[in-house]
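Visitor: I would like to see how this sequence folds:
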Amino acid sequence: MDFDLIIIGAGLAGCCAGITAAQNNLRTAVISKVHPLRSHSVAAQGGINIPIDEQDIELHIRETLASGSGIADADAVSFIVKNAQQSVEFLQKCGSLLQIEQSGELARRNFGGQKVARTCYYKDRTGLSLLNTAYEQALRAGVQFFDECEVFDIQLKSAENNLHTIKTWKKDKGKILNFTSEFLLIANGGYAGIYPRNSNCLGNIGNIQSILFQKGIPLIDLEFVQFHPTGLTRSGILLSEAARGEGGYLLNSQGRRFMTDYDERAELAPRDIVARAIFTEIEQGRGVDSGDGRKTAVHLDLRHISRDKILEKLPEIYDLVLNFTGKDLSQELIEVAPTAHYSMGGLPVNANGQVLGPSLTPVDGLFAAGEAACMSLHGANRLGGNSLLETIVGGFLAGSSICLSKKKADLTTPLLPSLTLDRFLAEAEKTRPEGNGIFSQKENCNLTLPQLTTILTQFPAQEFAQIAPNFSFIIEEIKQSLANGAGIFRDQSRLADSASKLERINASINQIFSQLEERATAKASTDTTSRQSTDSLLAQPYLPAAQELLDLRCHLILSQLIIESADARKESRAAHQRSDFPTTDTNFQAHSLIYLEGSKLMIKYTGVNNGQE
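Guide: Below you'll find the model as predicted:
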């Protein structure tokens, strides 16, 4: 299974990169946990920001930088915004549907934090429309897709081997598939799914980020997790900002619109402000019953909007509410509360989408795009409508960069004519002192878990239940510990308590994994039959056990890293709010880079080009 380029993730970023690569004769394969049209990009409801004209380009840049609260990088923002029209037009010409006004212009709706309506949409199914087309065009270009494949190990290029090796488990067949490639693009999405109430699909738990962290690749700005204001209280399923963009109100238990108490933009303030306002109303006793007897929600009110308009502009939201709550939102109030939605942090990348190592030098042949990457388009808080934009432009950017690296400069898909951005992620003279967090104060932080390859591929599955606990309960405990410590509001006490719980879980799981690994190795050395290939944890009948093992690794590692990053940043900034450090500190106007140096966890802060130099 040898290719020029392997892409992990079949959403918009992965498909757009694949289109460019395959059209320029790179042998390209996409590995995905699910069928591509089940990728999380289809969950993007509200729309995509496309500036109206040259004047609006500059306004869009300023508003994105303002939403990023001082740590969005100006060059990245400018590049993404200026390439918005060109990139989306490509998908439109290939068949993507966006709403058109009678005048022939793109229809646009209001989104939070923006003074003008620039968010283009297809009803409230924008991501679905765009991904269908991107997937079709990737197939047409010759991209090969391998779905139902779970990546459980990655061996990066080295001096001894000039290819990346990606080990995957073909879940529907119970087989192991190994891939090799000169270039590897990470486009697997974000990690907000590790929170107990979240709007993400089940697969968005940062599995590739956790694997690469253990391989020595740093992660950046993990403390900045966006909580979307309006998730259904029981499930966390998102009710898009489009509902407020079309005129929806938020009401407390007194039946009063409270958002004007917090921001003059009311319901269309940036998401972090709206989420904190809802949380504050609940904390101060003005919440409504969320359906379980606890007053942990507020009401979303669309009753003043005509049913015809709701069915025309918000059909998916209408169906979601009806299916999951039994309510007709054109007639009834809907209970909502903040839900973990988007990860602003991820793999640090340079201006060409290439992943950076701890010294901020590019890692050979390793790229990232979309929510998995952090170009710092969003900074400390994402502007609504910018996520789809990032996946499309970032995907085409990464694909183009890989083609140029392969010395195929005569691109047949010249979507991004200029890749000569200035370096925007640099230590320079703005480098901050090393972080001083909970785990990094220890000489041996013990944050990594044993590699699971031996356990998954060689441990006799019928013995697994006798030795291992039910990992699903431990995963839920990890999720709750993370939410308690690094939720909408954080402080030293909550963070320390969560860190202590996670350390105890980490120690016990490490011990269990080590025992499993020892037994698997011993069994493999004495058993010459083919049992391991047919009866291991990766064999099809034992899918739940193997999936829990893999998911546990992701949840535990990333939860600890988020807690560490949140503890080290002793200030409040946009999505990161410390009640014990309530003000924004200019000393922390920087990106946080977290990585392993031997057995010691390190955090350092790197410079930001916010356009104010």
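Visitor: hey, where'd the helices end up in the stretch 51-200 of the chain?
Guide: 54-67, 74-82, 84-93, 126-141 (DSSP state H, counting those that start in this stretch).
Visitor: can you list the ones you listed in CSV and add mean neighbour count?
Guide: Every residue, glycine included, has its C-beta placed from N, CA and C. What follows is these, written out as CSV (neighbours: other C-beta atoms under 10 Å):
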stretch, mean neighbour count
helix 54-67, 18
helix 74-82, 23
helix 84-93, 18
helix 126-141, 22
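Visitor: Nearest to residue 590 among the ones you listed would be which one?
Guide: Set against residue 590 and scored by C-beta to C-beta, the helices of the stretch 51-200 of the chain come closest in helix 74-82, at 14.4 Å.
Visitor: Show me which positions of the helix or strand containing residue 520 end up buried.
Guide: Assigned by DSSP states H and E, residue 520 belongs to helix 492-526. For helix 492-526, the buried set under the neighbour-count rule, 16 or more other C-beta atoms under 10 Å, comprises 494-495, 498-499, 501-503, 505-506, 509, 512-513, 516-517, 519-520, 523-524.
Visitor: What helices and strands are in contact with it?
Guide: helix 453-458, helix 461-467, helix 471-485, helix 543-568 (3 or more C-beta pairs under 8 Å, 6 or more residues apart in numbering; DSSP states H and E).
Visitor: try 10 Å
Guide: Under the contact definition 3 or more C-beta pairs under 10 Å, 6 or more residues apart in numbering; DSSP states H and E, helix 492-526 sits against helix 453-458, helix 461-467, helix 471-485, helix 531-535, helix 543-568.
Visitor: what about the stretch 301-450 of the chain, any weak spots by pLDDT?
Guide: 408-434 (pLDDT under 70).
Visitor: which residue ranges form the strands in it?
Guide: 334-343, 347-348, 354-356, 362-368, 373-374, 425-426 (DSSP state E, counting those that start in this stretch).
Visitor: What is the fifth one packed up against?
Guide: Using 3+ C-beta pairs under 10 Å, 6+ apart as the contact criterion, the neighbours of strand 373-374 among helices and strands are strand 219-220, strand 347-348, strand 354-356, helix 387-405.
Visitor: Quick one: neighbours of residue 178, just the number.
Guide: 12 (other C-beta atoms under 10 Å).
Visitor: Please report the distance of it from residue 170.
Guide: Plainly put, residue 178 is 11 Å away from residue 170 if you go by C-beta to C-beta, to the nearest Å.
Visitor: repeat for residue 213
Guide: Taking C-beta to C-beta, one finds residue 213 at 25 Å from residue 170.
Visitor: So for these two, which sits in the more crowded spot?
Guide: Remark: of residue 213 and residue 170, residue 213 carries more neighbours, 22 against 17, as counted by other C-beta under 10 Å.
Visitor: what's that one in contact with, if anything?
Guide: 206, 219, 222, 347, 447-448, 557-558, 561, 594-596 (C-beta atoms under 10 Å, 6 or more residues apart in numbering).
Visitor: Recalculate using a threshold of 6 Å.
Guide: residue 219 (C-beta atoms under 6 Å, 6 or more residues apart in numbering).
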